[in-house]
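Q: Sequence plus predicted model, see below.
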Amino acid sequence: MARHKVFEREGTTLFTRAPISFTTAALGGEISIPGLDGKKHDIPIPAGIQSGKQLRQRGAGMPVLNGRGNGDLVVQIDVETPTKLSARQKELLCEFRETETGEECPASQGFFGRIKEMWDDLTD
């Protein structure tokens, strides 16, 4: 059986990956995923979502055989970093970078804090 171009199936659960812009990841929004059932499934994207996070849409998966209802649709979010920016977009991002305090990205702050501690321990 040929693989589907968009979905992978595990029982009644459908899995897919969805790239979103980093602005949608930061600010939140919504994406639409066409289901195998022919319906459009609107997936709300919470502000601050990170790459790899999975969102579950209940009842948007495969029909349950000899039963009622459908399985779920699981969408893995892949935050896409832009590769082509206009001069204005670069300017705006530079302005944003100048306002960063480190509080915006706690995971990277924690990682680089541990790296600094490691180097400090090595130099003592």
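A: Great, that's in hand.
Q: Need the pLDDT of the most centrally placed residue in the chain.
A: Centroid check for the chain by C-alpha atoms, centre = their mean gives residue 77 as the closest residue, at 2.4 Å. The model reports residue 77 with a pLDDT of 97.
Q: again, but for the one 4 residues further on
A: Looking at residue 81, its pLDDT reads 93.
Q: my guess is it meets residue 22, correct?
A: Yes - Residue 81 is in contact with residue 22 according to C-beta atoms under 8 Å; the separation is 6.0 Å. The way it works is simple: take the backbone N, C-alpha and C, and place the C-beta from them, glycine included.
Q: Just want to know which of the two has more residues nearby.
A: Set residue 81 next to residue 22 and count neighbours by other C-beta atoms under 10 Å: residue 22 wins out with 13 against 7.
Q: Show me the helices in this structure, by range?
A: Taking DSSP state H, the helices of the chain run over residues 22-27, 87-99, 106-123.
Q: helices or strands next to the last one in the packing?
A: Helix 106-123 sits against no helix or strand, with contacts defined as 3 or more C-beta pairs under 8 Å, 6 or more residues apart in numbering; DSSP states H and E.
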